[in-house]
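Student: curious how this folds, go ahead:
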Amino acid sequence: MKFSFIKSKRVHDSARKTILFVCVQNAGRSQMAEGFFRKYAPKGHEVISAGTVPTSQINPIAVEVMKEIGIDISKQKPKDLTEDMMRNATSIINMGCMDDKFCPALFVSKVIDWGIEDPKDKPIEKVRQIRDQIEKRVLEIIDSTKENKIPI
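Tutor: Residues are numbered from 1 along each chain as shown. Just a heads-up that it's a prediction; the model follows:
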């Protein structure tokens with residue numbers, strides 16, 4: 001499978017700050033991070049997630065564990081990582097890599113790498129732990145924005 005970026009026509013709104021969560025399949029970790037950031041994001045911020053090789057649907061166990069805590073990500077869709085997304089993002093966070101060939105950190109400069117385990121094929125108990133780790137990291141990054149420690 002050959003990797004290539006898809007160009008999008010999204011126009012950047014400089015008044016808004018955008019955080020981009022990336023992973024390979026955009027089916028679990030980055031989708032959960034997007035859901036948490038939407039819930040907790042400060043005013044004037046937006047969020048998007050994408051993958052270098054997105055799957056056709058979000059991991060159903062990720063959807064289930066997010067629904068358990070009142071966040072519905074069932075309508076989110078895996079998306080191709082585009083040049084425009086990277087260019088328009090104020091901050092880019094790589095969730096971690098399961099595939100060295102398509103790891104977003106290889107294609108994205110100035111990326112923050114969280115190194116979070118992939119929930120793919122994991123039991124629900126493990127996916128809950130991953131979810132809780134992602135929530136903690138999202139809350140930390142939001143707190144950092146309030147203290148102007150990171151540029152989002």
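Student: Arg38 should be in a helix, yeah?
Tutor: Yes. Per DSSP: H, G, I helix; E, B strand; the rest coil, Arg38 lies within a helix segment.
Student: so where's the chain shaky on pLDDT?
Tutor: Residues of the chain meeting the criterion pLDDT under 70: 1-15, 98-109, 146-152.
Student: for it, longest helix please?
Tutor: helix 124-146 (DSSP state H).
Student: look up how far Arg131 lies from Gly35.
Tutor: 9 Å (Cβ to Cβ, to the nearest Å). (Each C-beta comes from the backbone N, C-alpha and C, glycine too.)
Student: make that Met66, sorry
Tutor: 7 Å.
Student: now Phe36
Tutor: 9 Å.
Student: common neighbours of Gly35 and Arg131, please.
Tutor: Taking Cβ atoms under 8 Å, 6 or more residues apart in numbering as the contact rule, Gly35 and Arg131 both touch Met66.
Student: specify the local secondary structure of Asp121.
Tutor: Assignment for Asp121 (three-state DSSP): coil.
Student: count the residues that sit near the nearest residue to Arg137 once chain neighbours are set aside.
Tutor: Of all residues not flanking Arg137 in the chain, Trp114 sits nearest, at 5.7 Å (Cβ to Cβ, 6 or more residues apart in numbering). Each residue near Trp114 was counted by other Cβ atoms under 10 Å, and the total is 18.
Student: what about the helices in this structure?
Tutor: Using DSSP H, helices in the chain cover 29-40, 60-68, 83-88, 104-107, 124-146.
Student: before we move on, the earlier item: identify the contacts common to Met66 and Arg131.
Tutor: Met32.
Student: Gly96: what's it in contact with?
Tutor: Neighbours of Gly96 in contact, by Cβ under 8 Å, 6+ apart: 23, 29, 113-118.
Student: tell me the one of the residues you listed nearest Glu140?
Tutor: Lowest distance from Glu140 to the contacts of Gly96 (Cβ to Cβ) belongs to Trp114, with 10.1 Å.
Student: how close does the closest one get to Gln76?
Tutor: Trp114 is 19 Å from Gln76, by Cβ to Cβ.
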